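S.K.: Sequence first, predicted coordinates after that:
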Amino acid sequence: MDLLQLMLASVSDDDFIKDQPVKTGTNVDTDIEPPLVRKMTKHEIASNIFLFMIAGYETTSTALAYVSYVLATHPNEQSKLQAHIDAHFDSITEDDMPNYEKISEMDYLDMFIRETLRMYPIAPNAVTRQNTKEFHIDGVGVIPIGTSITANQYSLHFNPDLWGPVDPHTFYPERFTTKRHPLAWVPFGAGPRNCVGMRFALMEMKIVLVRFLKIYSIIDCGEQTRQSIEQLEEMKVIAPKNMIVRLQCRDEQIS
Ligand code: HEM
């Protein structure tokens with residue numbers, strides 16, 4: 001039973017369905033709106049499929065472009081990550097592909113990707129909410145109901161109080177061995193409407209990296225690689241226009 005099947009199971013023949021809040025009993029004592037339980041129109045299903053295509057493809061590939069940049073420009077970190085991968089996989093064959101269980105044991109790989117997304121959050125403007133109540137901020141004034149408020153990911157991700165003592169501008173995956181504030185790292189947003197694809201994206205990136213770094217090393221191309229990270233395009237995500245690096249076979253037979 002996948003997401004598409006769940007949506008198709010709830011399809012309605014109507015073109016428009018009025019939202020009917022349903023009290024579920026779990027939240028009657030709180031201010032939180034009860035969830036909406038209803039069928040979906042065909043148009044809503046098509047829109048959701050489109051959203052998943054957009055949100056599920058460019059995001060992960062962009063994050064992997066930033067990982068490539070980090071690997072190329074931090075050869076020591078790359079060697080460390082390759083040694084970590086080698087310790088978990090002797091070789092990768094059709095019969096011994098990286099699987100969920102084995103990848104989940106790889107702490108350093110996890111920290112490496114988290115550190116990359118801390119320094120290069122691909123969707124820094126995506127975490128936006130509207131306030132349901134008016135409130136006041138000193139020095140700013142009254143914030144009316146319905147204002148779009150975006151969390152500043154950069155100020156969180158580079159805050160030395162949240163990420164020290166090692167300078168947050170330094171790539172240092174080991175900083176994740178220290179417990180941090182739960183909202184210090186938000187590349188996937190936070191709360192009940194955070195990224196629904198987070199676990200999938202992290203697992204997908206890890207599997208790609210294990211398979212890739214088992215065979216290749218990513219090599220810095222100097223100025224061309226530096227320029228790649230300076231020329232960014234802001235579409236749905238903030239992505240390098242190109243990521244210029246060189247690949248070298250680890251057995252050094254082909255380069
Ligand atoms: C590195 C990869 C990804 C990053 C950094 C990322 C980041 C984000 C962020 C920041 C949000 C907004 C969350 C919020 O407002 O709190 C979001 C929402 C969303 N993401 Fe991702 N995403 C990634 C991959 C994916 C993938 C692979 C999928 C689907 C398979 C996906 C599907 C979605 C969807 C459907 C939403 C809207 C969720 C909602 O409104 O309830 N994302 N993502």
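M.R.: Here it is on my side, so go on.
S.K.: all strands for the stretch 1-150 of the chain, in order.
M.R.: 128-130, 135-137, 141-143, 148-150 (DSSP state E, counting those that start in this stretch).
S.K.: Equivalent analysis for the stretch 151-255 of the chain, please.
M.R.: Assigned by DSSP E, counting those that start in this stretch, the stretch 151-255 of the chain shows strands spanning 216-219, 232-234, 238-240, 246-249.
S.K.: among these, which is nearest the ligand?
M.R.: Counting by C-beta to the nearest ligand atom, the ligand lies closest to strand 238-240 out of the strands of the stretch 151-255 of the chain; the figure is 10.5 Å. All C-beta spots, glycine's among them, are computed from the backbone N, C-alpha and C.
S.K.: so what strands line up beside that closest one?
M.R.: strand 232-234 (antiparallel) (DSSP bridges).
S.K.: Report the rounded mean pLDDT for the partner strand.
M.R.: Across strand 232-234, pLDDT averages out at 86.
S.K.: Give me the contacts around it.
M.R.: 238, 239, 240, 241 (C-beta atoms under 8 Å, 6 or more residues apart in numbering).
S.K.: now swap in stretch 41-60 and tell me
M.R.: Taking C-beta under 8 Å, 6+ apart as the rule, stretch 41-60 contacts 3-4, 7-8, 11-12, 14-17, 40, 122-123, 195, 197, 200-201, 204-205, 235-237, 239.
S.K.: Just the buried residues of the contacts of strand 232-234.
M.R.: Neighbour-count burial (16 or more other C-beta atoms under 10 Å) applied to the contacts of strand 232-234 gives 238, 239, 240.
S.K.: Compile those residues into TSV and extend it with columns for distance to the ligand.
M.R.: Formatted as TSV, those follow (distance: C-beta to the nearest ligand atom, whole Å):
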residue	distance to the ligand
238	11
239	11
240	14
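S.K.: now the longest helix along the chain, how far from the chain's geometric center?
M.R.: As assigned by DSSP state H, the longest helix anywhere in the chain is helix 42-73. Helix 42-73 sits 9 Å away from the centroid of its parent chain (C-alpha atoms, centre = their mean, to the nearest Å).
S.K.: again with stretch 71-83
M.R.: With C-alpha atoms, centre = their mean, you get 21 Å for stretch 71-83.
S.K.: what comes up buried for it?
M.R.: In stretch 71-83, counting by 16+ other C-beta under 10 Å, buried: 71, 72, 73, 74, 77, 78, 81, 82.
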